[in-house]
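Peer 1: Any chance you could fold what I've pasted below:
(one chain, ligands or ions: 1)
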Amino acid sequence: MLKTIERTKEIIRLRRIIDAEVKRIFQGAREQLDENGKVIEQIATCGECGTSWNDALITSYTPTPSARCPFEYVHQEMRELRQLQRKWNGELQKVTR
Ligand SMILES: [Zn+2]
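Peer 2: Numbering: from 1, shown residues only. Prediction:
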């Protein structure tokens with residue numbers, strides 16, 4: 001039980017850090033429109049964290065220089081969160097079998 005509480009707290013801690021960073025990056029984002037008034041989408045995906053974003057949005061982080069990820073500062077937290085969730089899913093599957 002304690003283990004579950006500790007893990008839940010850790011997931012919440014990591015999520016707060018990641019969400020705050022994503023919010024900070026896209027705060028005040030401006031869309032670019034094509035000649036027909038349609039929002040331009042240039043979807044990019046990070047090879048390290050697997051997160052996708054519209055790189056045509058104008059923020060202080062996007063468009064990103066090539067091979068850069070706007071979420072670089074929270075890669076470590078994203079990695080830890082994925083590991084925790086994977087571990088937890090594995091244990092849940094064992095219990096429900
Ligand atoms: Zn990334």
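Peer 1: Is the helix or strand that contains Gln83 in proximity to the ion?
Peer 2: Assigned by DSSP states H and E, Gln83 falls within helix 75-96. No - if you take Cβ under 5 Å from the ion as the test, helix 75-96 misses the ion, and the best it gets is 5.6 Å. For glycine as for every other residue, the C-beta is placed from the backbone atoms N, C-alpha and C.
Peer 1: How about residues contacting that helix?
Peer 2: 7, 10-11, 14-15, 17-18, 48-49, 51, 69, 71 (Cβ atoms under 8 Å, 6 or more residues apart in numbering).
Peer 1: okay, and the helix or strand of this structure with the least pLDDT?
Peer 2: Ranking every helix and strand in the chain by mean pLDDT, DSSP states H and E puts helix 75-96 at the bottom, with a mean of 88.
Peer 1: what about Gln42, neighbour count?
Peer 2: By the criterion of other Cβ atoms under 10 Å, Gln42 has 12 neighbours.
Peer 1: didn't it look like it was pressed against Ala56?
Peer 2: Yes - the pair Gln42 / Ala56 is scored as a contact, 4.3 Å apart, by Cβ atoms under 8 Å.
Peer 1: No further queries at this time; thank you.
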